[in-house]
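>>> Next one to model:
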Amino acid sequence: MNLLHFKYAVEIDRTKSISKAAECLYMGQPNLSRAIKELEENLGITIFRRTSKGIITTPEGEEFLEYARKITAQVEEVENMYMKGKKGRQKLSVCLPRASYISYALAEFSKKINRELPATIFYKETNSMQTINSLITNECNIGIIRFQASFDKYFKALFNEKKLTYETITEFNYVLITSKDSPLAHIDDITFDKLSDYIEITHSDSYVPSLPQTDVMKAEFSENVDKRIFLFERASQFVVLENDPNTFMWVSPIPQPLLDKHKLVQIRCRSNSRLYRDVLVLRKGYKLTSLEQEFMSQVYLAKKKYQDR
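Sure thing, here's the model as predicted:
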C-alpha cells in the first residue's frame, strides 16, 4: 500500500474535485484517477463516488479517511522533524470532561508553551466512552474521566480490561448554579422537590461501562424534574442560565470569576449527596512528556485553587 495514495485521497476529499486535487498535487488528472482506483481495489472499498455535482465521499471512504488523515499528518510531522531540519514540535493531545477548573488550567498552561518552537495542542471535551476509545487508538495520550463514585467498580474493571492505568485527581459533590435573579438564589436549603417548576440544563452524554443507558440516566437525573434542555457544548449553557432565571444546572464547583462574569450564583445542596470523581487515565506503561507533565501540573494547581475549598 502506497502512502502517497493516502495523501492523494485526503487531498481529493479536501478539494471535492479530482481535477483541483491534481493541480494542488502537481500531477496529471489521469494519473491521480488511476492511483485512487488502485487504492480502492487494494482496500476493497469505494472511497469516492463521481456524480454530476462532483465527488462524494462514501461512508466507507469517510472511515478510511479518518485514518488516512492521521497517518499523513504523522508522516509530515516526522519529515518536518528529521528531514527538513525543523525544530521539534511541542505536542499535547488530551480528552476530558467539561470542567471549569481544567479550562483555567489550560489558560495557565498556554503561558508555558515555548514560543520559539512550533506547537500543536488538541484539547477535546467529550464523554468517558469517547475518551477511552481515543486513548486505545492513540488519538490522545492523556484522558480525564468523570463518573459517579458509585460506578467505580465498572470503570476500574474496564480500565483493567483495556490495559489503562488510573489515578484520582479530585472528588466533589455537584453544586447548583443559577441566575442571580432566580428565586432559587434566595432559598437557604434547596431540596429536589423545590426544583420541579424549573428547567434543568444538562449534558446528555453520560456513559457507564456494562450498564444500560436507561440505568445511567436514572442514576444521574432526579425524578422531581421533568423539564430539561440537553446541550452538547459548553458556551450555550452560560447564555441560557444567565438570561433565564427559571433554569438551573448541576456542575462541579465553578471558580468565582466565571460565576461573576455570567451573573450566576453557586449553591451547595445537602440533598444532592452524589460523589463524583475526576480520574486521570493513561495507557499502561505510557510516560508523560515534559509538556504533558506541565499540563497535568497546571490541572492539579487549578484543582487545588478552585476545588479544594
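
>>> the bottom helix or strand of this protein by mean pLDDT?
One helix or strand of the chain scores below all others by mean pLDDT, DSSP states H and E: helix 213-220, with a mean of 60.

>>> got the CA coordinates for the next helix or strand after that one in PDB?
Tracing the chain past helix 213-220, the next element assigned as helix or strand by DSSP states H and E is strand 228-231. Output in PDB follows, covering the C-alpha atoms of strand 228-231 (Å, rounded to 0.1, in the frame of the first residue of the first chain):
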ATOM      1  CA  ARG A 228     -34.700  19.600  30.600                       C
ATOM      2  CA  ILE A 229     -32.600  21.200  27.900                       C
ATOM      3  CA  PHE A 230     -29.900  18.800  26.700                       C
ATOM      4  CA  LEU A 231     -26.800  20.600  25.400                       C
END
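
>>> What's the first helix or strand after strand 228-231?
Next along the chain after strand 228-231, taking DSSP H and E as the criterion, comes helix 235-243.

>>> Now find how far off-centre that next one is within its chain.
Centroid displacement of helix 235-243 relative to its chain, using C-alpha atoms, centre = their mean, to the nearest Å, is 20 Å.

>>> Can you list the low-confidence ranges for the stretch 101-250 of the chain?
Within the stretch 101-250 of the chain, the stretches falling below the threshold (pLDDT under 70) are 204-220.

>>> where along it do the helices fall?
If DSSP state H, counting those that start in this stretch is used as the criterion, the helices of the stretch 101-250 of the chain fall at 128-136, 152-161, 213-220, 235-243.

>>> Out of the ones you listed, which is closest to residue 308?
helix 152-161 (20.9 Å; C-beta to C-beta). Using the backbone N, CA and C atoms, a C-beta is placed for each residue, glycine as well.

>>> ok so, going back, out of the helices of the stretch 101-250 of the chain, flag the one nearest residue 254.
So among the helices of the stretch 101-250 of the chain, helix 235-243 is nearest, using C-beta to C-beta, at 9.8 Å.

>>> Which residues does the closest one contact?
177-179, 201, 229, 231, 247-249, 262-264 (C-beta atoms under 8 Å, 6 or more residues apart in numbering).

>>> circling back: got the helices of the stretch 101-250 of the chain as TSV, with mean neighbour count and distance to residue 280 columns?
Formatted as TSV, the helices of the stretch 101-250 of the chain follow (neighbours: other C-beta atoms under 10 Å; distance: least, C-beta to C-beta, whole Å):
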stretch	mean neighbour count	distance to residue 280
helix 128-136	19	11
helix 152-161	15	11
helix 213-220	12	22
helix 235-243	15	25
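
>>> what's near enough to touch residue 138?
Neighbours of residue 138 in contact, by C-beta under 8 Å, 6+ apart: residue 283.

>>> if we go to 10 Å?
70, 74, 93, 283, 286 (C-beta atoms under 10 Å, 6 or more residues apart in numbering).

>>> Among the residues you listed, show me the least confident.
Lowest pLDDT of these: residue 74, 81.

>>> and residue 267, what are its phi and psi?
Main-chain torsions, residue 267, degrees, to the nearest 10: phi -130, psi 130.

>>> Count the neighbours of the residue lying closest to it once chain neighbours are set aside for me.
Distances taken as C-beta to C-beta, 6 or more residues apart in numbering place residue 176 nearest to residue 267, at 4.6 Å, with adjacent residues excluded. Residues near residue 176, counting by other C-beta atoms under 10 Å, number 23.

>>> Tell me if I'm right that residue 176 and residue 202 touch.
No: using C-beta atoms under 10 Å, residue 176 is not in contact with residue 202; the gap is 11.9 Å.

>>> Lovely, talk soon.
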